[in-house]
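*Asks:* Quick check, what structure comes out for this input:
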Amino acid sequence: MAQPPTTELVKKARGCMTIDWEDFGQLFCWYQFETIPKPQADIERQTDMVLELLDETGVHATFFVLGMLAKHRPDLVKKIHGEGHEIAIHGTNHVHLTRLDRAAARQDIGDSVSLISDIIGGSVHGFRAPIFSITRENLYVLDLLAELGLEYDSSIFPKAMPRYGIEGFDPEPRNYKLPEGGRIVELPLTILPWGGWDWPVAGGGYVRLLPRFMMDPMVERLGEIGRTYMIYTHPYEFDPEPLDIASNFPANNRYPAWKRLALNFKWNLFRDSFRGKTKHLLKSLSFSTCKEIADDIKNNQCTRLLE
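*Replies:* Okay, here's the model as predicted:
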């Protein structure tokens with residue numbers, strides 16, 4: 001079994017383990033039929049799997065909690081919080097923010113702040129947009145976050161991707177002064193300059209697809225350039241049981257069988273390797289929560305104007 005890298009370069013690498021806390025079946029039903037069912041019982045087992053791995057590796061993570069799941073399982077949100085992990089917000093209904101006007105975006109985020117704060121009995125400090133949907137066209141969402149009292153955001157993918165991303169956005173965590181006068185720390189998703197290209201390496205899907213032998217050189221490269229590795233995962237990625245996108249669909253639905261098979265193949269591909277690879281990463285870097293990183297940025301970095 002490969003051992004965690006031990007070079008001085010790697011010791012400089014810092015990680016931030018984040019979980020976008022969503023229920024797989026609830027989310028797919030919402031996307032396909034625009035109805036929000038109750039989450040499946042699987043979310044309890046999957047959440048326990050995440051918490052067990054974090055406890056085993058001694059890592060405190062940030063959970064970006066989705067409101068439509070938290071409404072049904074506030075007990076699990078309290079459990080996560082009670083084990084010392086940071087609770088942040090992921091919006092209320094997992095709607096791509098470019099589909100909402102300013103007022104609707106503020107409503108969705110504000111409702112989530114109120115809901116999650118009430119559940120944990122305290123303040124929340126950070127936000128991640130569904131599908132990383134803060135783009136050049138709706139950067140005003142950062143102003144909304146500041147208005148709502150949030151201190152940091154982790155929504156921007158600093159590379160143009162098919163569904164999201166801002167090409168040329170600063171890939172480093174920064175403390176920004178916003179156009180409307182507020183301030184916010186942006187914690188971008190990680191891209192890795194390697195071989196003349198910027199590679200997206202942040203998400204669970206990338207971890208599933210990345211060969212194990214490439215993980216140590218990737219971590220060494222992150223340490224060399226001093227870049228925080230912002231990892232985003234989901235509870236269902238830790239689950240060894242096969243996923244079925246139609247598991248929570250209404251009875252007698254007419255979803256095409258070929259599409260169901262294709263998407264199930266996509267979501268299950270190499271998923272049995274995910275826990276082991278993630279455990280290796282958790283042992284290879286020094287981890288902080290998003291709040292801890294944001295506080296460090298605020299205390300040690302001058303603000304710069306967001307343009």
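
*Asks:* What ranges does the protein have for its helices?
*Replies:* 8-11, 24-33, 42-57, 67-70, 74-82, 102-120, 140-147, 204-209, 215-225, 257-268, 274-284, 290-300 (DSSP state H).

*Asks:* Would you mark the buried spots in the third one?
*Replies:* Which is helix 42-57. Using 16 or more other C-beta atoms under 10 Å as the test for burial, helix 42-57 gives 42, 43, 44, 46, 47, 49, 50, 51, 53, 54, 57. From N, CA and C alone the C-beta is placed, and that goes for glycine too.

*Asks:* Ok, stretch 109-117 next?
*Replies:* Buried residues in stretch 109-117 (16+ other C-beta under 10 Å): 109, 110, 112, 113, 115, 116.

*Asks:* Relative to residue 148, how far out is the first one?
*Replies:* Using C-beta to C-beta, to the nearest Å, residue 109 is found at 6 Å from residue 148.

*Asks:* Over to the fifth one?
*Replies:* When C-beta to C-beta is the yardstick, residue 115 and residue 148 sit 13 Å from each other.

*Asks:* again, but for the fourth one
*Replies:* When C-beta to C-beta is the yardstick, residue 113 and residue 148 sit 6 Å from each other.

*Asks:* wait, isn't residue 88 in contact with residue 62?
*Replies:* Yes - if you go by C-beta atoms under 8 Å, residue 88 and residue 62 touch, sitting 5.5 Å apart.

*Asks:* and residue 91, what does it touch?
*Replies:* 66, 67, 97, 108, 109, 112, 127, 129, 130 (C-beta atoms under 8 Å, 6 or more residues apart in numbering).

*Asks:* Quick check: closest non-adjacent residue to the last one.
*Replies:* If you skip the residues right next to it in sequence, residue 130 has residue 94 as its closest partner in space, 4.4 Å away by C-beta to C-beta, 6 or more residues apart in numbering.

*Asks:* neighbours of the one you found, just the number please.
*Replies:* Other residues within reach of residue 94, judged by other C-beta atoms under 10 Å, total 22.

*Asks:* could you list every residue that touches the closest residue to residue 187 other than its chain neighbours?
*Replies:* Using C-beta to C-beta, 6+ apart and skipping the chain neighbours, the partner closest in space to residue 187 is residue 154 (4.2 Å). For residue 154, the contact set (C-beta under 8 Å, 6+ apart) comprises 18, 64, 88, 126, 127, 128, 186, 187, 188, 189, 230, 290.

*Asks:* Now do the same for the fifth one: its pLDDT.
*Replies:* Reported pLDDT at residue 127 in the predicted model: 98.

*Asks:* where's it relative to residue 65, distance?
*Replies:* Taken as C-beta to C-beta, the span from residue 127 to residue 65 is 11 Å.
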